[in-house]
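[1] just a sequence and a predicted model for now, questions to come.
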Number of protein chains: 2
Amino acid sequence: MGEVKIIDLEKSVYENNDAEANELRGLMKDMGIFLLNIMSSPGAGKTTVLMRTIEALKNDYKIGVMEADIDGDVDAKKIASTGVKSVQLHTGGMCHLDAGMTRQGLEELIPEDVDLAILENVGNLVCPAEFDTGASMNAMILSVPEGDDKALKYPLMFMVCDVVLINKIDTVEYFDFDIDKCYEAIMERNPNALIIPISAKTGEGMDMWFRWVRDQIEAWKQ
Amino acid sequence: MGEVKIIDLEKSVYENNDAEANELRGLMKDMGIFLLNIMSSPGAGKTTVLMRTIEALKNDYKIGVMEADIDGDVDAKKIASTGVKSVQLHTGGMCHLDAGMTRQGLEELIPEDVDLAILENVGNLVCPAEFDTGASMNAMILSVPEGDDKALKYPLMFMVCDVVLINKIDTVEYFDFDIDKCYEAIMERNPNALIIPISAKTGEGMDMWFRWVRDQIEAWKQ
């Protein structure tokens, strides 16, 4: 795996993150770049889902990835091994990205002429939900080992998502995970969220997820 | 499971959290209360570890538990079913507890004359590590499905911990989790942390954990 560029993000200078996010979203729309923000707990499988997604879509779209972490660059190197442009963003200890920070990462991807930019947000179910990154769509990954009650405990994360992937669904029996209870809790928080049970490991449900991403990119470009 | 008291925490008025934390720690020492702060990602198994710990120690110590969450009271009710005093703390959307917030919860436990007060912090590997709660000791739970590289990505959490439990160790083969790599990463961040692989489900390693807690309580009381 090759070296990847590490960007130490600077604190945003914008006082109004919502306005900055809307401006960034408009800019991305004008440039035909679909920005997908992926959020989850640490270890829910963001990077693995992302690797599979890149493999499935890279022949049809030019993809660029921003990996946001407090420290390290393991994920960015993994992503780079798929052949797409990958940058590592270091948040300077912060538990989320806002629109100004996302913009700093995008500046590395825009010259590559990408049409799908993916932000892998910091692993965290609280802070990332509080800051609009300017993304076209928000996806969140809940993994089976985390339990079926997470939407009850972290309401905002589920409220801001357009799609919820329930990952590691192949382990559902091992962890006594009640899928009906999980759906119910998510729908209580956000009746409009699309819920897709997947396993990035076995491939279960992944086609439906790929189709959703393709549909959103095509709709965004119109 | 009975009803539990829900406390909506107020924002701390103290400017200097470290000073406030030290003061609280001194107060707890004087009162002979060992305050254990347990941190982890969402779904790493804090509540299950806690349930087993209560069962193992409740005949020898008077235990009280504070469950911190953004919303909900499922965990506090589970804990209450073991017969110990349990209060639910709502953080008002915040991703951590500081010393002032912890003090508000302790005020409910002190009249019960507890000698072991346990704080189950908000599920999050970033923010809780940044705020000293005034705890006597910090424990963190990393679970196998999260992956062996977490100490590389969330350095501060591992640096502030006295003990790291690697939970769900019974699933280690299923998740291709490299235990040596995991130890190495944790020790890189914090060579002084005690690492105990456990399974709260099968009971593996739990006796060592219980012994550690007992030893700490006894040392604290001297």
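    Noted; the coordinates are in hand.
[2] the most centrally placed residue in chain A: what secondary structure?
    The residue lying closest to the centre of chain A (CA atoms, centre = their mean) is residue A:38, at 1.0 Å. For residue A:38, the secondary structure call by DSSP: H, G, I helix; E, B strand; the rest coil comes out as strand.
[3] so where do the helices sit in chain A?
    A:17-31, A:46-57, A:74-80, A:99-109, A:150-153, A:155-159, A:179-189, A:206-221 (DSSP state H).
[4] can I get these in a markdown table including mean neighbour count?
    (Each C-beta comes from the backbone N, C-alpha and C, glycine too.) Output for the helices of chain A, formatted as a markdown table (neighbours: other CB atoms under 10 Å in any protein chain shown):
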| stretch | mean neighbour count |
| --- | --- |
| helix A:17-31 | 16 |
| helix A:46-57 | 20 |
| helix A:74-80 | 21 |
| helix A:99-109 | 22 |
| helix A:150-153 | 25 |
| helix A:155-159 | 21 |
| helix A:179-189 | 16 |
| helix A:206-221 | 15 |
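[5] for those, which one sits closest to chain B?
    Each of the helices of chain A was scored for nearness to chain B using CB to the nearest CB, and the closest is helix A:150-153 (4.3 Å).
[6] who's in contact with residue A:55?
    For residue A:55, the contacting residues are residue A:82, by CB atoms under 8 Å, 6 or more residues apart in numbering or on different chains.
[7] still on that earlier bit, quickly list what the residue nearest to the centre of chain A is bridged to.
    When assigned by DSSP bridges, residue A:38 has beta-bridge partners residue A:120, residue A:139.
[8] over to residue A:85?
    Residues in beta-bridge contact with residue A:85 (DSSP bridges): residue A:64.
[9] give me the neighbour count for it.
    The tally of other residues near residue A:85 (other CB atoms under 10 Å in any protein chain shown) stands at 20.
[10] that one against residue A:114, yeah?
    Yes - using CB atoms under 8 Å, residue A:85 makes contact with residue A:114 at a distance of 7.0 Å.
[11] can you list residues touching both of these two?
    Contacts common to residue A:85 and residue A:114, judged by CB under 8 Å, 6+ apart, are A:63-64.
[12] in stretch A:63-74, what counts as buried?
    A:63-74 (16 or more other CB atoms under 10 Å in any protein chain shown).
[13] let's have these in CSV, adding pLDDT.
    Below are these laid out as CSV (pLDDT from 0 to 100):
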residue, pLDDT
A:63, 97
A:64, 97
A:65, 97
A:66, 97
A:67, 95
A:68, 94
A:69, 90
A:70, 86
A:71, 84
A:72, 85
A:73, 89
A:74, 87
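[14] just to revisit the earlier point, ok, now which ones touch the residue nearest to the centre of chain A?
    By CB under 8 Å, 6+ apart, the contact set of residue A:38 is A:46, A:49-50, A:118-121, A:139-141.
[15] now do it against residue A:118, distance only.
    6 Å (CB to CB, to the nearest Å).
[16] overlap of the contact sets of the two?
    With CB under 8 Å, 6+ apart, residue A:38 and residue A:118 have common neighbours residue A:50.
[17] list the contacts for residue A:64?
    Each residue near residue A:64 by CB under 8 Å, 6+ apart is listed here: A:84-87, A:108-109, A:112, A:114, A:116-118.
[18] that older thread, closest to residue B:133 out of the buried residues of stretch A:63-74?
    residue A:70 (20.1 Å; CB to CB).
[19] surely that closest one touches residue B:159?
    No - contact criterion CB under 8 Å: residue A:70 and residue B:159 do not qualify, at 11.5 Å.
[20] might you report the residue contacts of the residue nearest to residue A:177 when sequence neighbours are not counted?
    Spatial nearest neighbour of residue A:177, chain neighbours left out: residue A:144 (4.7 Å); criterion: CB to CB, 6 or more residues apart in numbering or on different chains. The neighbours of residue A:144, taking CB under 8 Å, 6+ apart as the test, are A:166-169, A:171-172, A:175, A:177.
[21] one more time with 7 Å, if that's ok
    By CB atoms under 7 Å, 6 or more residues apart in numbering or on different chains, the contact set of residue A:144 is A:166, A:168-169, A:171-172, A:175, A:177.
[22] repeat for residue A:36
    Applying CB under 7 Å, 6+ apart to residue A:36 gives the contacts A:116, A:118, A:135-137, A:139, A:213.
[23] near chain B, which residues of chain A?
    Those residues of chain A that sit near chain B, judged by CB under 7 Å from any CB of the partner chain, are A:41-43, A:69-72, A:74, A:95, A:122-127, A:143, A:145-147, A:149-150, A:152-155, A:168, A:171, A:174.
[24] picking that back up, format the contacts of residue A:64 as TSV; extra columns: pLDDT.
    As requested, these are exported to TSV (pLDDT from 0 to 100):
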residue	pLDDT
A:84	95
A:85	94
A:86	94
A:87	94
A:108	94
A:109	94
A:112	90
A:114	96
A:116	98
A:117	98
A:118	98
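[25] quick one: closest of the helices of chain A to residue B:24.
    helix A:150-153 (25.6 Å).
[26] what's next to that closest one, contact-wise?
    Under CB under 7 Å, 6+ apart, the answer for helix A:150-153 is A:125, A:142, A:158, A:185-186, A:188-189, B:42-43, B:69-72, B:74.
[27] next, give me the two most distant ones among these.
    So, the contacts of helix A:150-153 by CB to CB: farthest apart are A:188 and B:43, at 18.2 Å.
[28] from residue B:149, how far out is residue A:138?
    For residue A:138, the distance to residue B:149 - CB to CB - is 25 Å.
[29] if you could redo that for residue A:117, that was the one I meant.
    Distance from residue A:117 to residue B:149, by CB to CB: 24 Å.
[30] the more surrounded of the two?
    residue A:117 (27 against 19).
[31] hang on, that one packs against residue A:109?
    Yes - between residue A:117 and residue A:109 there is a contact under CB atoms under 7 Å: 5.2 Å.
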